[in-house]
Structures are given as structure tokens and as C-alpha cells.
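Chemist: Okay, here's the prediction I keep looking at, along with the sequence it came from:
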Amino acid sequence: DSGVTQTPKHLITATGQRVTLRCSPRSGDLSVYWYQQSLDQGLQFLIQYYNGEERAKGNILERFSAQQFPDLHSELNLSSLELGDSALYFCASSWGDEQFFGPGTRLTVL
Amino acid sequence: AQSVTQPDIHITVSEGASLELRCNYSYGATPYLFWYVQSPGQGLQLLLKYFSGDTLVQGIKGFEAEFKRSQSSFNLRKPSVHWSDAAEYFCAVRSSGTYKYIFGTGTRLKVLA
């Protein structure tokens, strides 16, 4: 158990819908990272927050947005969902350079 | 642009045999290098990391990796594989000036009894 929690574990929704994925980092970790893992794209870095501020941005679509709240939990919002957004979404947290990954949220878009 | 290449998509070894998983990176300066393992249905777990210093790095679960600047490689090794090592292994790179991590496409390891 990494200490990082993600909810929900599974999410099934329809095209065009909007969903919110939640991540609670390890106690004391200020950084939160979001990743998308799909069969065709591999593990893609989406975005990083540090203590509430966006710090780094990767291959995140404009339909996707994230934020980190004062209690350090983070949410990833995915809107106008497409079939291709079906993937495993991981959150990771870190205090230094070691990332601790959560178990992931499996999103299925029908 | 930075990139990470794991040339082997699948590797099969017998239990007790030695293992080497290849990783090549493309980056101008010395990057921070990582190896992660992902078991089925699980998140990624850090095996080891290299930032500087001794180029042979020891990790958890008996794994080690060697940084070779001349070959832009950071190969993962284990002298004797156990059946529980069957998983997917990812090499990752992060430049010292940013917080963006780039992962390789992964190598899926199968261990034969």
C-alpha cells in the first residue's frame, strides 16, 4: 500500500459526459501527479501540482483539467468524453524525487 | 526532445535465470533515471533511481541498474529471477530542471517455472 488513495476504482460512463477523479496523496506529500495509461499510448504524464499550484504540464488535453485543494487532495476533471479516453488514470504523490503511485481509476467510456 | 526507449516489449526467462531489461534515453544532460514495476491491477512501485554518483545502483527486491553515459543506457538487472518478479517494468526519465517524467513503453516479464 503506497498511501495514495484514488476514487472511484472503476467508472463507466457515456461519450460526451463529464467525470471527476479524486486523489488523496500520502500524508505530508505536497506534489501530486496525474498520468493516463492506455494500451496504445503507454503511460503518459498529464499534469503536476505542488502545494496547490500547477508546476508542470504534459500531454493533457484541453478537455481535461485538474486542481489541487488546500488540503492537498487533487481532482482530475475529464469532460466531453470520447471513446479514446478510456484508460487507467493514475495519481502519484511525492515529497522529494520518489513518486508513490495510487492504485488507479479505470475509466470506461461507452 | 527527451525520450525513453525500452526495446523489448516482452521477455520470458526461466525461474532462477539472470535478467537484463534494456532502457535507452535521449537527453542532453544527465537526467534523473528510474525503474518502476507494475504488477497486474496495481499501481507502479519504484525499484531504484539514479541521480548522480556511483553508476551502479542497488534497488529493492534484489534489482540493480547501471548507468552508462556513453551508451545513454540504464539497464535493469537481477542475477536470479523469482516467479513473483513476473510483472511489467517501466524505465522513466526526468530532467533535473523540470518535473515532467517520461516513461518508456514498458517490458512485460514472464517467468517460467
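Modeler: Cool, the structure landed. Computed from a predicted model, the values in this text were never measured in an experiment. Numbers count the residues shown, from 1 in each chain, chains lettered A, B, ... in the order given.
Chemist: how close does residue A:11 sit to residue B:99?
Modeler: Between residue A:11 and residue B:99 the computed distance is 27 Å (C-beta to C-beta, to the nearest Å). For glycine as for every other residue, the C-beta is placed from the backbone atoms N, C-alpha and C.
Chemist: Would you report the backbone torsion angles of the residue of chain B found nearest chain A?
Modeler: Taking C-beta to the nearest C-beta, chain A has its nearest neighbour within chain B at residue B:43, 3.4 Å off. Residue B:43 adopts backbone torsions of phi -80, psi -180, taken as degrees, to the nearest 10.
Chemist: ditto for residue B:84
Modeler: Backbone torsions for residue B:84, taken as degrees, to the nearest 10, come to phi -70, psi -10.
Chemist: Can you give me the neighbour number for it?
Modeler: The tally of other residues near residue B:84 (other C-beta atoms under 10 Å in any protein chain shown) stands at 10.
Chemist: Contact residues of chain A facing chain B?
Modeler: Counting by C-beta under 8 Å from any C-beta of the partner chain, chain A comes close to chain B at A:2, A:4, A:31, A:33, A:35, A:42-45, A:48, A:50, A:55-58, A:90, A:92, A:97-104.
Chemist: Restricted to strands, list those.
Modeler: A:31, A:33, A:35, A:42-45, A:48, A:50, A:55-57, A:90, A:92, A:100-101 (DSSP state E).
Chemist: Show me which pair in those residues is furthest apart.
Modeler: Using C-beta to C-beta, these reach their maximum pairwise distance at A:42 and A:50, which is 24.5 Å.
Chemist: hmm, back to that, so how do I select the buried members of the ones in strands among the residues of chain A next to chain B in PyMOL?
Modeler: Of those, the buried ones can be selected in PyMOL as follows, counting by 16 or more other C-beta atoms under 10 Å in any protein chain shown:
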select buried, chain A and resi 31+33+35+42+43+44+45+48+50+55+56+90+92+100+101
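Chemist: Lowest-confidence entry in the ones in strands among the residues of chain A next to chain B?
Modeler: Confidence by pLDDT is poorest for residue A:42 among those, given 84.
Chemist: What sits closest to that one if chain neighbours are left out?
Modeler: residue B:105 (4.5 Å; C-beta to C-beta, 6 or more residues apart in numbering or on different chains).
Chemist: phi, psi of the one you found?
Modeler: Dihedral pair for residue B:105: phi -80, psi -10, per degrees, to the nearest 10.
Chemist: can you tell me how far it sits from residue A:100?
Modeler: Distance, residue B:105 to residue A:100, by C-beta to C-beta: 22 Å.
Chemist: Residue B:98 too?
Modeler: 20 Å.
Chemist: Just give me the neighbour total for residue B:46.
Modeler: Number of residues near residue B:46 (other C-beta under 10 Å) recorded here: 20.
Chemist: which ones are touching it?
Modeler: A:98, A:99, A:100, B:34, B:35, B:36, B:59, B:60 (C-beta atoms under 8 Å, 6 or more residues apart in numbering or on different chains).
Chemist: what about the residue nearest to the last one when sequence neighbours are not counted, which SS state?
Modeler: Yep, that's residue B:60 we're talking about. Among residues not flanking residue B:60 along the chain, residue B:47 sits closest, at 5.9 Å (C-beta to C-beta, 6+ apart). With DSSP: H, G, I helix; E, B strand; the rest coil as the basis, residue B:47 sits in strand.
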